[in-house]
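> have a look at this fold, sequence not included:
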């Protein structure tokens, strides 16, 4: 991921991120998406959301938690945020 910084009249780009291996599971993919969004909007350290971003342990989410995850991902989808 490349992060863009603008300070006064200068522009700075910084390469950040990590290599990720996401399990072949739709829930894991949603959790990885949410983790990326949370990093971008600075909510990754929120203890209430961390359970939904640990994509390597996707199988620990209950059905109700999976439904909540889907709702949260929809809330932070680009289509919804643009409107």
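Received the coordinates, thanks. None of the values given here were measured: they were computed from a predicted structure.

> ok, residues contacting the longest helix along the chain?
Ranked by residue count and defined by DSSP state H, the top helix of the chain is helix 26-41. Outside of helix 26-41, the residues within contact range by Cβ atoms under 8 Å, 6 or more residues apart in numbering are 1, 20, 22, 44, 46, 49, 52-56, 58-59, 61, 66, 69-70, 72-73, 76. C-beta: built from backbone N, CA, C; applies to glycine.

> swap in stretch 69-76?
Taking Cβ under 8 Å, 6+ apart as the rule, stretch 69-76 contacts 27, 30-31, 33-34, 37, 41, 49, 52, 61, 80.

> before we move on, what about stretch 47-66?
Here stretch 47-66 has contacts from 20, 22-23, 25, 27-29, 31-32, 34-35, 38, 43-44, 68-69, 72, using Cβ under 8 Å, 6+ apart.

> from those residues, keep the buried residues only.
27-28, 31-32, 34-35, 38, 69, 72 (16 or more other Cβ atoms under 10 Å).

> dump those to JSON lines, plus pLDDT.
Putting the buried ones among the contacts of stretch 47-66 into JSON lines (pLDDT from 0 to 100) gives the following:
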{"residue": "27", "pLDDT": "96"}
{"residue": "28", "pLDDT": "96"}
{"residue": "31", "pLDDT": "95"}
{"residue": "32", "pLDDT": "94"}
{"residue": "34", "pLDDT": "93"}
{"residue": "35", "pLDDT": "91"}
{"residue": "38", "pLDDT": "87"}
{"residue": "69", "pLDDT": "96"}
{"residue": "72", "pLDDT": "92"}
